[in-house]
Structure formats: C-alpha cells, structure tokens
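Colleague: The amino acid sequence is not available; the structure is as follows:
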C-alpha cells in the first residue's frame, strides 16, 4: 500500500498509512516512502523517512544515498554534498551498481564506465554506435538520472556507459544475431537505462531480459513487460 500510494503521488496518504500501521513500520515501509519522495521531489518528507529508516538501520547506505539523491533532484547540491560527506565520515558505503552476463559458461561483470574488460575498446565502440542510432530513433537521455551537478555533455557520457548498457553491448558483439540477451543487475535499473534498452531491443531486433533488484524486465520490439511500472 505504501508503494501504491507513493507511485500515485499521494505521499501524505502513504505517510499516514505508515504512521497508522498496527505494527512498527520496518525498513521496507520507510524505504518505499523514501523512494517515492525522490520521484516527486518531496524533500521534507524524505528527511522524515530517511531519519526513521536510519533509526532502524544506522549504517544503511541506501538511506543516505536516497536522501542525497532527493536533494540533488531538487537542485540542492550543497545539502546533497553534506549527506555524502556524512556518509564518508561514518564509513557508510553505498552498494556499487554491477551488471553481469554469462557467455559460454563464463560470467562477465561490468561496473559504470568500466574499463577493465579485455574487449573494452570493442564494447565502447559498439555502445557509442548504439547510442547514436537510438537517438536517431527518438531516444532522449534522461540526464536527471545523473544526480550530480555536472554539464549535460558529461551526464550524457556517464549514462551511455552504465553497467547494464555495457553488458548488453558486450552481449551483442559476443553472440549470434537473434540471440536473447540475459542480464543480471544487483540494483534497480535506472530510468534512463530502462528507456534506452527498449530502444536497443528494437534497434538490434533482439529480446533482452534484465533481472534487477526489483523484478524481471522482458524487452522486445521497443517495449517492456513491466509496462514502465517497476
């Protein structure tokens, strides 16, 4: 219910629901409310949700990061920097986003802007080509997904080399045409990658399955099985 209220933008209703629960709200309830605050840029409620979440789990890096992201989404760069500084001071770390794909019984793992893979040059060349082609098809990078105060061109480059995109580019150059690509990701796929993969599936005429921290996404012919609701 917290998630449904939050997705609908009914943040006060979501907050009241959490406050009136017959049991003590857990990390999932506060975390769901915090995520919704980021989407709708509600700083005041985000601070409350993060504070309550951290009372339950003081070293929850996701809570610090989510609150910093809310500040960033609202253009409050100084406040976001203070939160990230507090994380470093407390020794709290946010889990690194990783994506991986298995090719011929070997697992290939990628991080954002990963330059360690032996085929790095070919992967980046393929991703650059894909990026140009999907833009021609109407894709527009979601620069708001980069929650740092950077130039648009820099944000564009960061988005282009997100881990799931690199894994897909590697899968394309490493498998025959029409092969279904299966990608795993330890965190939730970002809005930009989700939209980009829809275009990529149509561009290369492949089915792409991404299993992130939330659910399976089955991309085919420019659409996703989640219907953009995840």
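Modeller: Good, I have the coordinates. Since the model is a prediction, treat every value here as computed from it, not as a measurement.
Colleague: can you give me the helices in the protein?
Modeller: Here the chain has its helices, by DSSP state H, at 2-7, 11-19, 27-39, 43-56, 61-73, 77-90, 120-136, 152-160, 163-174, 191-203.
Colleague: Highest mean neighbour count out of the ones you listed?
Modeller: Highest mean neighbour count among the helices of the chain (mean count of other C-beta atoms under 10 Å): helix 163-174, with a mean of 24. Every residue, glycine included, has its C-beta placed from N, CA and C.
Colleague: shouldn't residue 27 be in contact with residue 56?
Modeller: Yes. Between residue 27 and residue 56 there is a contact at 5.3 Å, judged by C-beta atoms under 8 Å.
Colleague: still on that earlier bit, as JSON lines, the helices of the chain with mean pLDDT and distance to residue 113 would be great.
Modeller: Shown next, in JSON lines, are these (pLDDT from 0 to 100; distance: least, C-beta to C-beta, whole Å):
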{"stretch": "helix 2-7", "mean pLDDT": "90", "distance to residue 113": "30"}
{"stretch": "helix 11-19", "mean pLDDT": "96", "distance to residue 113": "34"}
{"stretch": "helix 27-39", "mean pLDDT": "89", "distance to residue 113": "23"}
{"stretch": "helix 43-56", "mean pLDDT": "92", "distance to residue 113": "28"}
{"stretch": "helix 61-73", "mean pLDDT": "84", "distance to residue 113": "18"}
{"stretch": "helix 77-90", "mean pLDDT": "87", "distance to residue 113": "19"}
{"stretch": "helix 120-136", "mean pLDDT": "97", "distance to residue 113": "10"}
{"stretch": "helix 152-160", "mean pLDDT": "86", "distance to residue 113": "7"}
{"stretch": "helix 163-174", "mean pLDDT": "97", "distance to residue 113": "8"}
{"stretch": "helix 191-203", "mean pLDDT": "96", "distance to residue 113": "14"}
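Colleague: so can I have a markdown table of the ones you listed showing distance to residue 99?
Modeller: What follows is the helices of the chain, written out as a markdown table (distance: least, C-beta to C-beta, whole Å):
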| stretch | distance to residue 99 |
| --- | --- |
| helix 2-7 | 24 |
| helix 11-19 | 30 |
| helix 27-39 | 20 |
| helix 43-56 | 26 |
| helix 61-73 | 18 |
| helix 77-90 | 23 |
| helix 120-136 | 12 |
| helix 152-160 | 14 |
| helix 163-174 | 4 |
| helix 191-203 | 9 |
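Colleague: List the contacts of the closest residue to residue 14 other than its chain neighbours.
Modeller: Nearest residue to residue 14, sequence neighbours excluded (C-beta to C-beta, 6 or more residues apart in numbering): residue 5, at 3.6 Å. Each residue near residue 5 by C-beta atoms under 8 Å, 6 or more residues apart in numbering is listed here: 11, 13, 14, 17, 36.
Colleague: just these now: which is nearest residue 101?
Modeller: For these, the residue nearest residue 101 by C-beta to C-beta is residue 36; the value is 31.0 Å.
Colleague: distance of that closest one from residue 109?
Modeller: 31 Å (C-beta to C-beta, to the nearest Å).
Colleague: And residue 204, by the same measure?
Modeller: 22 Å.
Colleague: More neighbours: these two, which one.
Modeller: For residue 204 versus residue 109, neighbours defined as other C-beta atoms under 10 Å are more numerous around residue 204 (18 against 15).
Colleague: I am assuming the more buried one contacts residue 172, so please confirm or correct that.
Modeller: Yes. Residue 204 lies in contact with residue 172 (C-beta under 8 Å); the separation is 6.0 Å.
Colleague: I'd like the distance from the most centrally placed residue in the chain to residue 197, if you could.
Modeller: Nearest to the geometric centre of the chain sits residue 190, at 2.6 Å (C-alpha atoms, centre = their mean). As judged by C-beta to C-beta, residue 190 and residue 197 stand 11 Å apart.
Colleague: Good, wrapping up.
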